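Q: Kindly return the folded structure for what I paste below:
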Amino acid sequence: MIASENVGILHKSFEGLVLKASRCPAGQLTIGYGHARGVKEGAVITKEQANQFLEQDINHYSAYINESIVKKLGYELTQGQFDALVSLAMNIGRISPTSKLYEALINQNLVKAVEQLLLYSKSNGAYMLGLHRRRFAEALLFTGMIVNEADKGFIRNGISHIELNQKGMELLKWYEKEQQ
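A: All right, here's what the predicted structure looks like:
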């Protein structure tokens, strides 16, 4: 599968653009839109280079998700599910094959997968509101609640707290219904 434009849009809205190498809250040296591979202290890039790094990262993590998860499933992911997993992997580095998220995906327990996805809201053991919001947005992508043209504007223009909370209520209603 190939990631849709939603991955880059979502990633940019949460990472922001940083043209000089700096440490993210997890202590990782990053540059551009959260690019971490091969970043050196003091490095400076242009916006164009940041966009190139983002494209490389999306391609790298798309290949990773295809190889480590999609190939092992007995079913096809939706575009939203794939995009959410690529976005998550871009943020955390990888999805462990021993994780409950991976297990839920393999067992096609998509409700449990959403539940597990939402738990990746900590950095170095500390809860982070920004990560919680990002996981919520990824869960919305995963469940298909961000698919129509109006919702694409929701991602494209940045995810406001109000919109995220409204969409979060839809997600909770979906989750409760699926649990029955």
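
Q: Skip the chain neighbours and tell me the closest residue to residue 24.
A: residue 30 (5.0 Å; C-beta to C-beta, 6 or more residues apart in numbering). (C-beta placed from N, C-alpha, C; glycine too.)

Q: Quick check: that neighbour is in a helix.
A: No: assessed with DSSP: H, G, I helix; E, B strand; the rest coil, residue 30 is strand; it does not lie in a helix.

Q: what sits against it?
A: 15, 18, 21-24, 36, 39 (C-beta atoms under 8 Å, 6 or more residues apart in numbering).

Q: what is it paired to in the beta sheet?
A: residue 22 (DSSP bridges).

Q: Let me see the confidence value for it.
A: For residue 30, the pLDDT comes out at 96.

Q: got it, and the one 4 residues further on?
A: Model confidence at residue 34, expressed as pLDDT, equals 94.

Q: And the one 4 residues further on, by the same measure?
A: At residue 38, the predicted lDDT confidence score is 94.

Q: Now it: phi and psi?
A: When read as degrees, to the nearest 10, the backbone of residue 38 gives phi 70, psi 10.

Q: Likewise for residue 128?
A: phi -130, psi 120.

Q: residue contacts, it?
A: 25, 121-122.

Q: swap in residue 108?
A: 73-75.

Q: cool, and residue 116?
A: Residue 116 neighbours (C-beta under 8 Å, 6+ apart): 99-101, 104.

Q: can you rerun that using 10 Å?
A: 95, 99-105, 109, 135, 139 (C-beta atoms under 10 Å, 6 or more residues apart in numbering).

Q: Which strand or helix spans the residue nearest the centre of the chain?
A: A centroid search over the chain (C-alpha atoms, centre = their mean) returns residue 87, at 2.5 Å, as the residue closest to the centre. With elements taken from DSSP states H and E, the one containing residue 87 is helix 79-92.
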